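Visitor: sequence-free structure coming up:
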Ligand SMILES: CC(C)(COP(=O)(O)OP(=O)(O)OC[C@H]1O[C@@H](n2cnc3c(N)ncnc32)[C@H](O)[C@@H]1OP(=O)(O)O)[C@@H](O)C(=O)NCCC(=O)NCCS
């Protein structure tokens, strides 16, 4: 069996403003989740969250999604999963310090990378897999940096976070299993919900 299929897609080029824009981003991110479900013939039936906003499994299948200003990403998997996508941008030094400590910075510096975007998306994917928010950021540590994966620790749990870079974005995915994901990057916005095999 292969790993989760992580679906990434652009948002429409012309976006509404305010609340409507947020609703459209959330809708397109859910299209990415359903596209992942269709690709894996997952029986997942609904995308429900609990009162803390944490996605809840359906028929044993877990889901996660993310929106950046111009992209969405989503995936389902038969074990807990966290997905995060972010766009490269200028960051304030105090945010870098909040996300990466000195040892983690050194791991990237040894590779000639600044590592900010990889760390940011990696830690968010890890937090989402455990269903916790940013208050748990200090419980995430990078142990090893590979070319397209980060070995990370959340408390005593070890994870390999897989990463894919495209168009000035990084998408990260974290699961409990050992199987590597595949990343499917669409060039066009996704159509409304893909059919899910019964
Ligand atoms: C959940 C969290 C990690 C995410 O979010 P984010 O980067 O702002 O937003 P994303 O678009 O990537 O993800 C949002 C989705 O995460 C999911 N989510 C929310 N809370 C979650 C939780 N506790 N666990 C798992 N998933 C969660 C939801 O599905 C949500 O989308 P929806 O509202 O459309 O359903 C949150 O802790 C947060 O507030 N982040 C702030 C961003 C930041 O400062 N990051 C730097 C840190 S490394």
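Guide: Cool, the structure landed. From a predicted model like this one, the values you see are computed outputs, not experimental measurements.

Visitor: which parts of this structure sit against the ligand?
Guide: Contact residues, the chain versus the ligand (C-beta under 6 Å from any ligand atom): 26, 29, 49, 53-55, 64-67, 84, 99, 120, 123-124, 127-128, 131-134, 137. All C-beta atoms are positioned from the backbone trio N, CA, C, and that covers glycine.

Visitor: can you flag the buried ones in those?
Guide: 29, 55, 64-67, 84, 99, 120, 123-124, 127-128, 131-132 (16 or more other C-beta atoms under 10 Å).

Visitor: and which of these is nearest to residue 161?
Guide: residue 123 (8.5 Å; C-beta to C-beta).

Visitor: assumed that closest one was part of a strand.
Guide: No - going by DSSP: H, G, I helix; E, B strand; the rest coil, the assignment for residue 123 is helix, not a strand.

Visitor: element containing the closest residue to residue 178 other than its chain neighbours, please.
Guide: Nearest residue to residue 178, sequence neighbours excluded (C-beta to C-beta, 6 or more residues apart in numbering): residue 160, at 7.5 Å. Residue 160 is part of strand 157-166, with elements assigned from DSSP states H and E.

Visitor: what comes into contact with that strand?
Guide: 6, 8, 118, 121-122, 125-126, 129-130, 143, 148-153, 170-176, 178, 180-181, 183, 185 (C-beta atoms under 8 Å, 6 or more residues apart in numbering).

Visitor: just to revisit the earlier point, now, the residues of the chain next to the ligand that are in helices?
Guide: In this view, those that belong to helices under DSSP state H are 26, 29, 99, 120, 123-124, 127-128.

Visitor: please identify the buried residues of the worst-scoring helix or strand of the chain on mean pLDDT?
Guide: Every helix and strand of the chain was ranked by mean pLDDT, DSSP states H and E. The lowest is helix 93-99, at a mean of 92. Using 16+ other C-beta under 10 Å as the test for burial, helix 93-99 gives residue 99.
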